[in-house]
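Dropping a prediction and its sequence here:
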Amino acid sequence: MTDHFLIDQWQFNGVDAEQITPRNEHEAKIQTGNWYHCQRESIGLRKWLQLNQIEPGIIDSLLKDDTRPRFELYEDGSFLLILRGVNLNEGAKPDDMLSIRMFWQNNSLISTRKMSSRTITNIRNALLNGNGPKSLPQLLMAIITGLNLNIEKFLNQTEERLFELDEADYDDNELHLIHKRILKLRRFLKPQRYAINDLVEANIPEISSVETHSWNVLDTSTRLTESMDFYLEQIQVMKSEIAQEQAEKMNRNTYLFTIVAAIFLPLGFLTGLLGINIGGIPGVDNPMAFALFCAGLGVTLLLELLLLKWLKFF
């Protein structure tokens with residue numbers, strides 16, 4: 001764990017964002033129009049937040065290990081926004097979702113993360129190339145939009161795979177895995193939609209310049225949750241089809257065994273009756289008795305088959 005907590009700092013007071021390298025990040029004061037992107041696990045981050053008189057409850061929300069997406073608006077107009085995004089890091093599972101925590105105060109933005117986020121990386125690269133957001137409200141919307149975009153790409157891949165499985169013979173194992181992944185996503189994305197909705201409806205003056213954009217990201221978040229619900233329903237239908245197919249196969253096998261048992265029941269009775277080895281068995285002294293008995297079994301079998309066919313057993 002390192003004591004260097006500031007990953008990046010950008011100033012948005014001019015036309016283009018400017019990257020800032022503070023001389024001493026541990027003693028730096030939070031400046032208006034600046035974005036501070038921080039490493040959540042760093043020891044020095046809590047001390048820096050305390051130095052800048054951030055409330056303890058907000059600090060805990062920015063730094064604690066596990067939290068659900070939410071939005072909290074405070075009396076001074078500052079707000080806390082906690083979001084989740086799919087994990088696109090190499091070797092990671094997308095459904096092991098990353099947490100992005102953001103605190104807005106006096107037109108400055110503090111964000112914290114534990115692991116690298118593809119969304120934040122793309123925004124930082126765009127800023128370095130002069131193509132990124134031009135203001136903090138645009139930056140906030142760019143983060144939410146980027147998270148939604150990566151989630152949408154993952155869900156599109158899931159939809160394509162479900163279509164492939166539906167068109168071909170498939171087993172229940174992969175379907176079960178996809179089901180679990182979507183459930184894990186929905187656990188966070190449903191409250192995330194509510195958090196974005198609360199942000200939009202809060203009508204915060206400082207981000208009024210991106211009001212149209214904010215409604216668009218809310219619409220996208222709503223559409224993503226509706227897509228997940230649809231995929232879960234589709235999976236349930238596919239599982240029902242598998243269960244029905246297995247039940248029909250079981251019924252066919254049971255039906256076949258019933259017919260076989262019905263056919264051989266009288267034959268088994270006759271052979272068992274003549275195999276008891278006691279006196280009085282017909283044909284013991286007749287050399288033609290065995291041949292006649294086998295012919296009788298054949299006739300009995302034929303009569304049984306005709307009877308079962310007449311009764312429409314097959």
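In hand now; what should we look at?

all contacts plus neighbour counts: C-alpha atoms, from now on.
Will do.

Give the buried residues for the helix or strand hosting Leu185.
Leu185 is part of helix 172-201 when elements are defined by DSSP states H and E. Judged by neighbour count (16 or more other C-alpha atoms under 10 Å), helix 172-201 contains these buried residues: 175, 178-179, 182-183, 185-186, 188-200.

try stretch 29-38
Buried residues in stretch 29-38, counted by 16+ other C-alpha under 10 Å: 30, 33-38.

Tell me which of these fall in strands.
Those of those mapping onto strands are 34-38, per DSSP state E.

From those, pick the one nearest Ser111.
For those, the residue nearest Ser111 by C-alpha to C-alpha is His37; the value is 4.8 Å.

Is it correct that that closest one is in contact with Ser116?
No. With contact defined as C-alpha atoms under 8 Å, His37 does not count as touching Ser116 (11.1 Å).

one step back: ok, which pair from the ones in strands among the buried residues of stretch 29-38 is furthest apart?
The widest separation within those, taken as C-alpha to C-alpha, falls between Asn34 and Cys38 and amounts to 12.6 Å.

quick one, strands of this structure?
Going by DSSP E, the chain shows strands at 6-11, 18-19, 34-39, 70-73, 79-85, 98-105, 108-113.

And for the spatially most central residue of the chain, nearest residue in space, chain neighbours not counted?
For the chain, the residue whose C-alpha lies nearest the mean C-alpha position (C-alpha atoms, centre = their mean) is Ile182; its distance is 2.2 Å. Take Ile182 and drop its neighbours on the chain: the residue closest to it by C-alpha to C-alpha, 6 or more residues apart in numbering is Met228, 6.7 Å away.

okay, now that neighbour: neighbour count?
Residue neighbour count, defined by other C-alpha atoms under 10 Å, stands at 20 for Met228.

Look up how far Phe293 lies from Ile263.
In this view, Ile263 and Phe293 are 17 Å apart by C-alpha to C-alpha, to the nearest Å.

Revised request: answer the last question for Leu128.
Leu128 sits 97 Å away from Phe293 when distances are taken as C-alpha to C-alpha.

Phe257 too?
26 Å.

Looking at these two, which one has more neighbours?
Phe293 (15 against 12).

and the more buried one, what does it touch?
For Phe293, no residue meets the contact criterion (C-alpha atoms under 8 Å, 6 or more residues apart in numbering).

just Asp172 next, same as before
Contacts of Asp172 by C-alpha under 8 Å, 6+ apart are 239, 242.

Let me know the pLDDT of it.
Confidence at Asp172, expressed as pLDDT, is 74.

Could you list the low-confidence segments of the stretch 51-200 of the chain?
Filtered on pLDDT under 70, the stretch 51-200 of the chain yields the residue ranges 169-171.

mind giving me the domain ranges of this structure?
The chain breaks down into these domains under automatic domain parsing: 6-244, 246-310.

Out of those, indicate the one that is most buried.
Among those, the stretch with the highest mean neighbour count (mean count of other C-alpha atoms under 10 Å) is domain 6-244, at a mean of 17.

Just the terminal-to-terminal distance for that one.
Distance between the two ends of domain 6-244: 57 Å, counting by C-alpha to C-alpha.

ok, now stretch 203-215?
Across stretch 203-215, the straight-line distance between its terminal residues is 11 Å, by C-alpha to C-alpha.

how near is Leu128 to Asn13?
16 Å.

need the contact list for Thr220.
Applying C-alpha under 8 Å, 6+ apart, we find Thr220 in contact with Asn148.

And it, what's its pLDDT?
94.

Please tell me how far it sits from Ile144.
Distance of Thr220 to Ile144, given as C-alpha to C-alpha: 10 Å.

which residues of the stretch 201-314 of the chain score low on pLDDT?
Counting by pLDDT under 70, the ranges of the stretch 201-314 of the chain that qualify are 273-281, 283-285, 289, 308, 311-314.

one step back: with distance to Thr300 as added columns, please give the strands of the chain in JSON lines.
Supplementary listing: the strands of the chain in JSON lines, determined by distance: least, C-alpha to C-alpha, whole Å:
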{"stretch": "strand 6-11", "distance to Thr300": "89"}
{"stretch": "strand 18-19", "distance to Thr300": "96"}
{"stretch": "strand 34-39", "distance to Thr300": "86"}
{"stretch": "strand 70-73", "distance to Thr300": "78"}
{"stretch": "strand 79-85", "distance to Thr300": "72"}
{"stretch": "strand 98-105", "distance to Thr300": "73"}
{"stretch": "strand 108-113", "distance to Thr300": "81"}
